[in-house]
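Colleague: have a look at this prediction, sequence included:
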Amino acid sequence: MGELNLRRGALGLLALGAVLGAFGVGAAERAPRDPAPACRSLSGVTIPARQIGLPTSGASVVSATLQPAGGSGAAAKPEYCKVLAQIAPVDPHAQPIRVELNLPTAWNRKAVQMGGGGFDGFLVTAEGPAPGAAGQPTPLSMGYATFGSDGGHSVANPFDVEGQVAAFMNDEVLENYAGAQLKKTHDLALALIRLRYGEAPRRTYFVGASAGGREALAVAQRWGADYDGAVAYFPAAGGVPLVTEFGRVARALAQPGAYPDPAKQALLHKAVVAACDGADGAVDGLVSNPAAAASTSPPCAAPAAATRAMVA
């Protein structure tokens, strides 16, 4: 399973299995200096704007704390330095980019950037498994330096559409979400990796799913020379048509009587349970075997009367 080297001009995506295979190659190779003072020395460090490839007002480390090894199996974590940092915007009214960088004491000289999801607005800690690899050892546990960001803005609830829209009213925040924060986060992380270990990673990867998969496509297309491989796991690549469809559906459901009210929802639920309850072998008010229910002939479903009531 060879590694794609985008620095040599090969633009493309590694299959998820191939990258996970690459994750398993190479145990920790670098003998660390004393990890506790090395980690503490990063706290308060500033990175000048000139070291970040897109316009910022520089970056600073908010905290750097050594985390003990713990856990077992797929949840195991090694000893590592947890670095929290912020990238200051050019526009004083824009939000900073929050970044977490995890620096294992036993580093394998490789790095993984993890993408976000949805409209972002939450910090990607990059401490967990790679997308699509639940139950497998995490990149951090295998010695990778890992990092992620909040996408360039922070909201109390990432599912709060109004809060997201309010954040995107700032041009720099919107530009960051559209991709700029990926490059800024990458450049900050690599600057700090060089400070901690005295060298840059030999290999750097990007992994993301859904909106993070779209981000994987973006870094491969826009900053391919920065990465040796990118995984786009079920990418939400068509951002413009996707958001346009959201708007179309929202407008349709906003019409008077279009969205089923609680009474219609209850009617549909009652009709489905009445038609499908027995498919699991027990009439108990629960459709606990949907596969069996769907395989009945004809398939169980809400009676026509309930369906007509839903759309009336």
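Modeller: Received it, and whenever you're ready, just let me know what you need.
Colleague: now do the SS call for the residue nearest the centre of the chain.
Modeller: Most central in the chain under CA atoms, centre = their mean is G116, positioned 2.6 Å from the mean C-alpha point. Assigned with DSSP: H, G, I helix; E, B strand; the rest coil, G116 falls in the coil class.
Colleague: so F206, which state does it fall into?
Modeller: What three-state DSSP gives for F206 is strand.
Colleague: in the sheet, who's paired with it?
Modeller: Q113, A230 (DSSP bridges).
Colleague: am I right that A232 is in a helix?
Modeller: No: judged by three-state DSSP, A232 forms no part of a helix; its state is strand.
Colleague: roughly how far does it sit from G117?
Modeller: 13 Å (CB to CB, to the nearest Å). For glycine as for every other residue, the C-beta is placed from the backbone atoms N, C-alpha and C.
Colleague: more neighbours: which of those two?
Modeller: Using other CB atoms under 10 Å as the criterion, A232 and G117 rank with A232 on top: 26 against 20.
Colleague: list the contacts of that one.
Modeller: Neighbour list for A232: 13, 208, 213-214, 216-217, 220 [criterion: CB atoms under 8 Å, 6 or more residues apart in numbering].
Colleague: nearest spatial neighbour of L217, chain-adjacent residues omitted?
Modeller: Using CB to CB, 6 or more residues apart in numbering and skipping residues adjacent in sequence, the residue nearest L217 is A232, 5.1 Å away.
Colleague: flag the shaky bits of the stretch 151-300 of the chain, pLDDT-wise.
Modeller: Scanning the stretch 151-300 of the chain for pLDDT under 70 picks out 293-300.
Colleague: so where do the helices sit in it?
Modeller: All helices of the stretch 151-300 of the chain, identified by DSSP state H, counting those that start in this stretch, fall at 161-168, 171-175, 181-197, 211-222, 239-253, 262-276, 290-294.
Colleague: and the contacts of stretch 189-196?
Modeller: Outside stretch 189-196, the residues that reach it (CB under 8 Å, 6+ apart) are 38-39, 42, 45, 47, 51-52, 61, 81, 83, 85, 99, 101, 103, 111, 113, 145, 147, 200-201, 204.
Colleague: going through the residues you listed, which ones are buried?
Modeller: Listed as buried from the contacts of stretch 189-196 are 38-39, 42, 45, 47, 52, 61, 81, 83, 85, 99, 101, 103, 111, 113, 145, 147, 201, 204; burial here means 16 or more other CB atoms under 10 Å.
Colleague: next step: those residues restricted to helices.
Modeller: Mapping the buried ones among the contacts of stretch 189-196 onto helices (DSSP state H) picks out 38-39.
Colleague: neighbours of R203, how many?
Modeller: Neighbour count for R203, taken as other CB under 10 Å: 18.
Colleague: residues in contact with it?
Modeller: Residues counted as contacts of R203 (CB under 8 Å, 6+ apart) are 3, 109-111, 228-229.
Colleague: let me have those in JSON lines, extended by distance to A191.
Modeller: What follows is the contacts of R203, written out as JSON lines (distance: CB to CB, whole Å):
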{"residue": "E3", "distance to A191": "23"}
{"residue": "R109", "distance to A191": "16"}
{"residue": "K110", "distance to A191": "17"}
{"residue": "A111", "distance to A191": "12"}
{"residue": "D228", "distance to A191": "18"}
{"residue": "G229", "distance to A191": "21"}
